[in-house]
Structures are given as C-alpha cells and as structure tokens.
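A.B. asks: Sequence and predicted structure, then a few things I'm wondering about:
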Amino acid sequence: MKTRAITAFFFTIVMLGSIFLGAYTFTGFYLLLSVFALAEFYTLIRTASINPHTVIGLIVSALVFVLNAGYHFFVVEFKYVLLLIPLVSAVFLFELYRKDKSPFSNIAYTFTGLFFVTVPFCFYYSLGFLSDWNLYNYHLPLAFLLMLWASDTGAYLFGRKLGAHKLFERHSPKKTWEGFFGGMFTSVLVSFIISFFFKEIGFLVWAGMAVLIVSFGTLGDLVESMLKRSLNAKDSGNLLPGHGGLLDRFDGLLIAAPIVYAYLYLVLN
C-alpha cells in the first residue's frame, strides 16, 4: 500500500506538471506516453504467441501523434500525412518474409494497438486545443483528468462500502453498480466545482462531460480487463510499482477521450 501511495503521488505530480508547463511540455510528454503505452500493448500481446510489428507500429504511432500536434501548431501540410502510406504497407511486406502460422493475427494486432492506444491519446491531446485551434489551453485536459480520477475514487469508495450488485462480473468481479453510480456522483460533483473556475463552459456541459467520462471510462476499464483476462495477465505491465502498467492507469481514457472530444467539439461549435 505504501508503494502504491508513493507511486500515485509522483504520478499525479508528473501528470499535472505536463499539463501546466505549457504546450511544448504537454506535447512532448503525451508523445512519449502514447509510444510507451503502445510498446506495453505489443509486449502484452506477445505473451499469446502473437508477433506484432513493434518497430513499425511505434514509428507510425510517433508520426501520427507528431502530425496531429503539428496540425494544431499549423506547421503540418497534408503531404506529410502521405508518409504513413509506405509505413502501413511495410507491415504487410515484412510479414511476407516471416515464417509465422498466424500472419494476419500479427498484422491485425499491429493496427489494433494503434487504434486502441495511439488514437485515443491523440484525441485527449487535442482537447488542449479545442477551444482555440492553435492556442493551448489546459482547462479541458485538466478537467478530463480530474473527473476521471474522481470517478475512480468514487467508484472505489462507494463500491467498497455499498457494493452488492455486480456490474460485469465476467470481466471485472470487483466492479459494482453501486460503485459505478458512486463514481458518477463524485465526477459530476467535481464538474460542478470546475464550473466555478473554468467559466468558458456552463455547468450542464461540464456535467455532460462527466457522465460521458464515467460511462465510457468504465467501458474502457472493462475492455482492458477483458484483454488481460484473455491473455491470463494480472497487469498490463510493471512500469508503475503498485499500479501495474500504463494501460492499467489510462484504461479509462482509451474509449472516453474520443467520445468526450466529439461531444465537446459538437457543443462548442
């Protein structure tokens, strides 16, 4: 428990620092985070005797994130997106020279990692530029994290004290409906507090964001649990002592971030 608390403290400091220290720090940190999270995904998949194209996948991941960031900074033209074409084709080409019984499983999991890990991180990153396309604003990324953490905390506390009805026992035996609604309550409460500090969005919009984060964050958690159970893995990695891997910490972001981005984009535009 002590190790877990220490890791959580420093993890929180680093996460908040990456948001508060400006656009370039935010960009660099989440570029590295998305690449390391994808590497963890590929390592986890290898335990099932599947061999994704790790090097190509990581290069494509970094390039996709950089192109996304460059788009917000107005330094990327469409022609640079074409660099992705030979890299994507290389996955199929290199697989031809492998002697593997499941070539299309290798190809499929290479691309699955990109869509499951890299794309959500790109959407989360883009929240920092949603209010003004080429100017960084930390309000939305910070609010997202605060609501997500509030959801996790509320789900744990309410689930521990009141939990009786299982949410999805087959994939996550400890999750309960009481914990889910407890997380919803705490997340909406945090959104109410946020509305007093970040006034560019009204409380109802913040509350809607909280509901989406809890709903799809829980779904992301369940999907990641399903992945680990299918591979007989307890944690996605061991980078964070007491917490497991990066995917264990960011599973709530993986499905929630694209949904929240779409919601806010439609509301703000």
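C.D. replies: Arrived safely. Residues are numbered from 1 along each chain as shown.
A.B. asks: Is K174 located within a helix, as I assumed?
C.D. replies: No: counting by DSSP: H, G, I helix; E, B strand; the rest coil, K174 falls outside a helix, being strand.
A.B. asks: give me the element the nearest residue to it once chain neighbours are set aside is part of.
C.D. replies: Using Cβ to Cβ, 6 or more residues apart in numbering and skipping the chain neighbours, the partner closest in space to K174 is G159 (7.2 Å). Backbone N, C-alpha and C define where each C-beta goes, glycine included. Secondary structure from DSSP states H and E places G159 in helix 139-162.
A.B. asks: that older thread, could you check how far the residue nearest to K174 is from S126?
C.D. replies: Distance from G159 to S126, counting by Cβ to Cβ, to the nearest Å: 32 Å.
A.B. asks: repeat for Y24
C.D. replies: According to Cβ to Cβ, Y24 stands 16 Å off from S126.
A.B. asks: So between the two, which is more surrounded?
C.D. replies: The neighbour count for Y24 versus S126, taken as other Cβ atoms under 10 Å, is higher for S126 (21 against 11).
A.B. asks: Quick one: list the elements packing against the helix or strand hosting that one.
C.D. replies: For S126, the element it lies in under DSSP H and E is helix 119-126. When contacts are defined as 3 or more Cβ pairs under 8 Å, 6 or more residues apart in numbering; DSSP states H and E, helix 119-126 packs onto helix 23-46, helix 54-72, helix 139-162, helix 246-268.
A.B. asks: Just the C-alphas of the helix or strand just after the shortest one, formatted as PDB.
C.D. replies: By that I understand helix 54-72. Counting by DSSP H and E, the element after helix 54-72 in chain order, helix or strand, is helix 84-96. The C-alpha coordinates for helix 84-96 follow below in PDB (Å, rounded to 0.1, in the frame of the first residue of the first chain):
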ATOM      1  CA  LEU A  84       2.100   7.000 -43.400                       C
ATOM      2  CA  ILE A  85       1.300   5.100 -46.600                       C
ATOM      3  CA  PRO A  86       4.700   3.300 -47.000                       C
ATOM      4  CA  LEU A  87       4.900   2.600 -43.300                       C
ATOM      5  CA  VAL A  88       1.500   0.900 -43.300                       C
ATOM      6  CA  SER A  89       2.400  -1.000 -46.400                       C
ATOM      7  CA  ALA A  90       5.600  -2.200 -44.800                       C
ATOM      8  CA  VAL A  91       3.600  -4.100 -42.200                       C
ATOM      9  CA  PHE A  92       2.200  -6.400 -44.900                       C
ATOM     10  CA  LEU A  93       5.500  -6.500 -46.800                       C
ATOM     11  CA  PHE A  94       7.600  -7.600 -43.700                       C
ATOM     12  CA  GLU A  95       5.000 -10.200 -42.800                       C
ATOM     13  CA  LEU A  96       5.600 -11.900 -46.100                       C
END
